[in-house]
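*Asks:* With the input below, show me the fold.
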Amino acid sequence: MDFVKELLEYVRHASVSTDPAFANGMNGAREKACDLLRRAGLEVEVVPTPLHPIILGRRKGPAEWPHVVLYGHYDVQPAEPLDLWTTPAFEPVVRDGRIWGRGTADNKGPHLVAIVALARLLARHPNLPLRITFLIEGEEEIGSPSFPAFLQAYKQELSEADCVILSDTASPSSDQIAITTALRGIVGMEVRLVGPQFDLHSGLHGGAVYNPIQALVEICASLHLPDNTVAIEGFYERVQQPEEWERAELRKLPLTEAQYRAFLGVDSLHPAPGLNGLEAVRFAPTLEFNGIGGGYQGKGSKTVIPSKVFAKITCRLVPGMNPEDILAKVSTAIRARAP
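*Replies:* As a prediction, this is how the structure comes out:
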């Protein structure tokens, strides 16, 4: 298989899992992934889910053979804002030695590397004593809601694996490969705040009602202290602190905070107390605002007081934290702050 050719074709499928309008792209990407696995010599099973099916590609063998599970996902993030793309997001191009297109790095390229590598390996060593299972899901970008039920149904097969390799990780630079041994978890929510029963003219009603945008940004601002710690009761109570060997391993990476700031294009970092910036993105829980909206969003001005506003929030979790517990605590804190 020609890796670049296959990846360009794979990325052309606009597999945005969060938006039903991209159903054709999801179906196309799934069919492409199945085709790639079959051509690599694997048996393919498509597991139905309430949303987007999960793909299993298997190379079977005797029970005494080692068993490796490789994880990836065929869904991608939305491409908006579209006007910031030099070329269309789902019309991938090769430019400056790189492939530009939504999903190239997250995560079609990385798991395609493993598929192509396996195909070439088996071509040279057809009797390789190794069982392999590719697990490629279609809901990673929306929190994998179908994954718990799937894992329960396939628990016996997957629990027999000698190791699980995730293709959905990162390296500190294009010149340095690193092995990621753990990732933070996530819980997400959307906050909706409703004020008057319809949008109001600010010239007629401004000053009489609590503007929902004002209320929402005040709530959001109150969820952090100035030192960037989360100001929600009990948020940190179950957090397990990193061990010294973990910090020592991180210090081995050939990446400085100055290089990290340069990569981000910022003059300074703002980690919580006790952590530097490189530690914060690996060892610390967070509460982040991913989107906020309400009122007039078009060009020019419209003097409106909106009826409804929203904010999208996610929390990154570390060992010891429970997603249901954090969701309940954040929800309670927001409701308590609502006017």
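*Asks:* what ranges do the strands span in the stretch 201-339 of the chain?
*Replies:* 286-294, 304-305, 308-317 (DSSP state E, counting those that start in this stretch).
*Asks:* in its sheet, what does the helix or strand containing residue 190 sit against?
*Replies:* If you go by DSSP states H and E, residue 190 is part of strand 185-194. Sheet partners assigned to strand 185-194 using DSSP bridges are listed as strand 308-317 (antiparallel).
*Asks:* what is the mean pLDDT for the partner strand?
*Replies:* On average, the pLDDT along strand 308-317 is 98.
*Asks:* What of stretch 33-45?
*Replies:* Averaging pLDDT along stretch 33-45 gives 98.
*Asks:* Just the buried residues of that stretch, please?
*Replies:* 33, 34, 36, 37, 40, 42, 44 (16 or more other CB atoms under 10 Å). Every residue, glycine included, has its C-beta placed from N, CA and C.
*Asks:* do the same with stretch 211-219
*Replies:* So for stretch 211-219, counting by 16+ other CB under 10 Å, buried means 211, 212, 213, 215, 216, 217, 219.
*Asks:* helix/strand/coil for the residue nearest to the spatial centre of the chain?
*Replies:* Centroid-nearest residue in the chain: residue 141, 5.0 Å away (criterion: CA atoms, centre = their mean). Using DSSP: H, G, I helix; E, B strand; the rest coil, the three-state assignment for residue 141 comes out as helix.
*Asks:* And the pLDDT at it?
*Replies:* In this prediction residue 141 is given a pLDDT of 95.
*Asks:* for it, what are its contacts?
*Replies:* Residues near residue 141 by CB atoms under 8 Å, 6 or more residues apart in numbering: 16, 17, 18, 73, 75, 76, 77.
*Asks:* repeat that with 6 Å
*Replies:* 17, 75, 77 (CB atoms under 6 Å, 6 or more residues apart in numbering).
*Asks:* Can you lay out the residues you listed as a markdown table showing pLDDT?
*Replies:* What follows is those, written out as a markdown table (pLDDT from 0 to 100):
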| residue | pLDDT |
| --- | --- |
| 17 | 98 |
| 75 | 99 |
| 77 | 97 |
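*Asks:* Which one of the residues you listed is nearest to residue 306?
*Replies:* Comparing the contacts of residue 141 against residue 306 with CB to CB places residue 77 closest, at 26.7 Å.
*Asks:* what's the nearest residue to the closest one if we skip its chain neighbours?
*Replies:* In this structure, residue 77 finds its nearest non-sequential neighbour in residue 141, 5.5 Å apart by CB to CB, 6 or more residues apart in numbering.
*Asks:* ok, the one you found to residue 102 distance?
*Replies:* 11 Å (CB to CB, to the nearest Å).
*Asks:* now residue 260
*Replies:* In terms of CB to CB, residue 260 sits 24 Å off from residue 102.
*Asks:* Comparing the two, which shows the higher neighbour count?
*Replies:* residue 102 (21 against 16; other CB atoms under 10 Å).
*Asks:* got the contact list for that one?
*Replies:* Applying CB under 6 Å, 6+ apart, the residues contacting residue 102 are 76, 79, 89.
*Asks:* out of the residues you listed, which is most surrounded?
*Replies:* residue 76 (30 neighbours).
*Asks:* Just give the nearest non-adjacent residue to that residue, would you?
*Replies:* residue 103 (3.6 Å).
*Asks:* Is that neighbour in contact with residue 75, as I believe?
*Replies:* No - checked against CB atoms under 6 Å, the pair residue 103 and residue 75 is beyond contact range at 8.2 Å.
*Asks:* quick one: residue 305 and residue 198 touch, right?
*Replies:* No - contact criterion CB under 6 Å: residue 305 and residue 198 do not qualify, at 9.9 Å.
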